[in-house]
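Provided below for reference: sequence and predicted model.
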Amino acid sequence: MNECIIIKNAACMTMDEQRSADWLVIEGTRIAAVGRGNGWEAYTREDAVIIDADGNSVLPGFIDNHFHVVEAGLSTLFIDLSGARNFKEIGERIKAAADKRESELIVADCLDRDALEEKVFPDRTVIDKYCNDTPVAIYARDYHTLILNTFGILYFKAPLTLEGAEVDKQDMPTGIFSNHAGARLDNKVSSSFSEEEIGAGINKIMKKLLSCGLTTVSAMEGGHMAFSNLTSECEYMYHHQDSYPVSTELFYQSTDAELVIRKNLKRIGGTLYVDGTLGRRTAAISSEYCDAPGQCGVLCMDAALLTEFVVSSCEHGLQSALDAIGDCAIEAVLRAFEEAAKTCDVRSLRCRIEHGGMLRKDQMERAERLGLILSMQPGYEGEWGGAGGMYEKRLGNRYKESNQFREIIDSGIMICGGSDFPTTDMNPMTGIHYAVNHPVKEHRVTLEEAVAMYTCNGAYALFLEDETGSLTQGKRADIVILDQNIQTIPAEELKNTKAALTIKDGKIVFNRWKSC
């Protein structure tokens, strides 16, 4: 007989036509019934596990549609520089790691330049003061800049002639790398870790995912930054994706559609960068950066190659996803899909733009006509949006045009939500919070619309709507109970909400619930 779990006294957001319920029953791996009143009593039996939700929210298990699984695993091996206020604090953390001498390589991440008192990245000479006899590599917060000490430059044989290798007035390397040079080094740094180390890190991340109520993630692999192409990450996930307690849906980073077809995969891309980031001023925008006159970002893919890739992917029936932030990059993507639409049913493939942060209103109609899905990260607004934030520093008054969730939804485009972890907080409630509390009020969405980004919309964006994404009879029993009722608390408190209990395929896999 299948195991039976009954959740009663619940504020269920079913995310289907029923909209709400106050109990549900799980038998085996599936949802057996959902309803109101005392109907759950008909399902009681001696061995049933009965959970009193105490009026708290019960939702479908969360889906993160843009998550870097291998990079997240690697991040558990890195020194966290979050909150570092100046070069001294960075150096002290690096020196403490060097003194332990646990490995021959020191890697750190989450360095936020805009949070530093110096307002610039530390160069190799700064890092050398704290560690000059061990290779040190530091990733910026958005992972699109990599900083090495002098030892690291020699250790990794840094490609000093490639674009993105910064030099000083004496034409000497500063140790700060981005673009092609940064991507080459990113490959070397990531390849320094063994499969065993990566696997152990991913296992730690899986536990954290479940503790946030996440039951499915889109695995976006292939390297940290624009021009990276770590096929090894894709291959690792290809061979291990079925071994994790959280469902992982792999987007394989390649421009070779036939390769992906041979692997019996249905998705391609994900981290195929069409441009860079706003933080690095490499997102391709149609006007100059306010804090860097003359700069408008870069396009990482030639227009002809981009179109050839999109057309080929569509002809092979693949769901393709392209990483584009600036409106010029989005324009290139739209043109490529419009070309593909001349011979293919693009809408049926549910192709995606990852991020799409600077999507213009005049581009929304075209994206909707193509049936493109926007895979967006509301947490970006929490990190960099609003008056005084990084977006305003880069874009001036155009910061008000970033991540226009309200307008995108109203134009008929579906948005699925993600974290881009390890760039922003993996807790979906953080993303839900900033979708509801966007710093620009005109772009705010309702609570139900925000939850949909991480549940039913997330499932649709992966062709999983028949299996998960809503609390519907017959669907997979992926469920989260939150520690409060998010429909009754002030909107400003949403980000403080946490998962209390997570159920995956009918099994309780995370539990800090008081009555169970």
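Structure received.

quick one, strands of the stretch 351-500 of the chain?
Along the stretch 351-500 of the chain, counting by DSSP state E, counting those that start in this stretch, strands occupy 352-355, 373-376, 415-417, 479-482, 499-504.

which among those is found nearest to residue 446?
Of all those, strand 415-417 sits nearest to residue 446, with 12.6 Å by C-beta to C-beta. Every residue, glycine included, has its C-beta placed from N, CA and C.

need the strands of the stretch 351-500 of the chain in CSV with mean pLDDT, distance to residue 446 and mean neighbour count, can you?
Below are these laid out as CSV (pLDDT from 0 to 100; distance: least, C-beta to C-beta, whole Å; neighbours: other C-beta atoms under 10 Å):
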stretch, mean pLDDT, distance to residue 446, mean neighbour count
strand 352-355, 98, 22, 28
strand 373-376, 98, 16, 27
strand 415-417, 98, 13, 27
strand 479-482, 98, 17, 24
strand 499-504, 98, 21, 25
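
could you dump these into a markdown table with distance to residue 251 added?
Below are the strands of the stretch 351-500 of the chain laid out as a markdown table (distance: least, C-beta to C-beta, whole Å):
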| stretch | distance to residue 251 |
| --- | --- |
| strand 352-355 | 9 |
| strand 373-376 | 10 |
| strand 415-417 | 13 |
| strand 479-482 | 24 |
| strand 499-504 | 21 |
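
which residues in the stretch 1-150 of the chain form strands?
With DSSP E, counting those that start in this stretch as the criterion, the stretch 1-150 of the chain has strands spanning 4-8, 11-13, 20-21, 23-27, 30-35, 49-52, 57-60, 62-67, 79-80, 106-111, 136-140, 146-148.

of all the ones you listed, which one is nearest residue 335?
strand 62-67 (23.0 Å).

taking strand 499-504 as reference, get the angle to that closest one.
Angle, strand 62-67 to strand 499-504, by axes from the mean of the first three to the mean of the last three C-alpha atoms, to 10 degrees: 80 degrees.

tell me what strand 62-67 is packed against?
Contacts defined by 3 or more C-beta pairs under 8 Å, 6 or more residues apart in numbering; DSSP states H and E place strand 62-67 against strand 214-220, strand 415-417, helix 456-460.

residue 148 touches residue 139, doesn't it?
No. Using C-beta atoms under 8 Å, residue 148 makes no contact with residue 139, being 10.9 Å away.

contacting residues for the residue nearest the centre of the chain?
Taking C-alpha atoms, centre = their mean, the centroid of the chain lies closest to residue 420, which sits 2.0 Å from it. Residue 420 makes contacts with 66-68, 355, 377, 379-380, as judged by C-beta atoms under 8 Å, 6 or more residues apart in numbering.

again, but for residue 378
Per C-beta under 8 Å, 6+ apart, neighbours of residue 378: 403, 405, 417, 430-435, 438, 450, 453.

how about a cut-off of 6 Å?
431, 434-435 (C-beta atoms under 6 Å, 6 or more residues apart in numbering).

same check on residue 210?
Residue 210 touches 502, 509-510, counting by C-beta under 6 Å, 6+ apart.

where in the chain is pLDDT low?
1, 102-103, 223-230, 514-516 (pLDDT under 70).

what about the closest residue to residue 70 other than its chain neighbours, which helix or strand?
Excluding its sequence neighbours, the residue lying closest to residue 70 (C-beta to C-beta, 6 or more residues apart in numbering) is residue 233, at 4.3 Å. Assigning secondary structure by DSSP states H and E places residue 233 in helix 231-240.

chain center to that helix: distance?
Here helix 231-240 is found 18 Å from its chain centre; the criterion is C-alpha atoms, centre = their mean, to the nearest Å.

got it, and stretch 105-121?
21 Å.

likewise for stretch 358-371?
With C-alpha atoms, centre = their mean, you get 22 Å for stretch 358-371.

just the CA trace of the longest helix along the chain, in CSV.
Counting by DSSP state H, the longest helix found in the chain is helix 195-211. What follows is helix 195-211, C-alpha atoms only, in CSV (Å, rounded to 0.1, in the frame of the first residue of the first chain):
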residue,chain,number,x,y,z
GLU,A,195,34.7,15.5,-10.0
GLU,A,196,34.7,14.3,-6.4
GLU,A,197,35.1,17.8,-5.0
ILE,A,198,32.3,19.1,-7.4
GLY,A,199,30.0,16.2,-6.4
ALA,A,200,30.5,16.8,-2.7
GLY,A,201,29.7,20.5,-3.2
ILE,A,202,26.6,19.8,-5.2
ASN,A,203,25.3,17.4,-2.5
LYS,A,204,25.6,20.3,0.0
ILE,A,205,23.7,22.6,-2.4
MET,A,206,20.9,20.0,-2.9
LYS,A,207,20.3,20.1,0.8
LYS,A,208,20.0,23.9,0.7
LEU,A,209,17.7,23.7,-2.2
LEU,A,210,15.3,21.4,-0.4
SER,A,211,15.4,23.7,2.7
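
list the buried ones in that helix?
Across helix 195-211, burial judged by 16 or more other C-beta atoms under 10 Å covers 198, 201-202, 205-206, 208-211.

and stretch 480-493, by the same measure?
For stretch 480-493, using 16+ other C-beta under 10 Å, the buried residues are 480-486.

now the residues you listed in a markdown table, with distance to residue 367?
Listed next are the buried residues of stretch 480-493 as a markdown table, based on distance: C-beta to C-beta, whole Å:
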| residue | distance to residue 367 |
| --- | --- |
| 480 | 30 |
| 481 | 36 |
| 482 | 32 |
| 483 | 37 |
| 484 | 36 |
| 485 | 35 |
| 486 | 30 |
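
for these, work out which two are farthest apart.
Maximum distance among the buried residues of stretch 480-493 (C-beta to C-beta): 13.3 Å, for 480 and 485.

just put the helices and strands packed on strand 62-67 in CSV and tack on distance to residue 315.
Listed next are these as CSV, based on distance: least, C-beta to C-beta, whole Å:
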stretch, distance to residue 315
strand 214-220, 23
strand 415-417, 24
helix 456-460, 23
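
quick revisit: list the buried residues of the helix holding residue 233.
231-234, 236-238, 240.

sorry, back to before: which residues touch the residue nearest to residue 70?
70, 221-222.

just put those residues in TSV and tack on neighbour count.
As requested, the contacts of residue 233 are exported to TSV (neighbours: other C-beta atoms under 10 Å):
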residue	neighbour count
70	26
221	26
222	26
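
which one of these is nearest to residue 79?
Closest to residue 79, out of all of those and judged by C-beta to C-beta, is residue 70, at 18.4 Å.

quick one: that closest one from residue 296, how far?
In this structure, residue 70 and residue 296 are 32 Å apart, going by C-beta to C-beta, to the nearest Å.

one more: residue 4?
60 Å.

swap in residue 261?
Taking C-beta to C-beta as the measure, residue 261 falls 37 Å from residue 296.

residue 315: neighbour count?
Neighbourhood size, residue 315 [other C-beta atoms under 10 Å]: 12.
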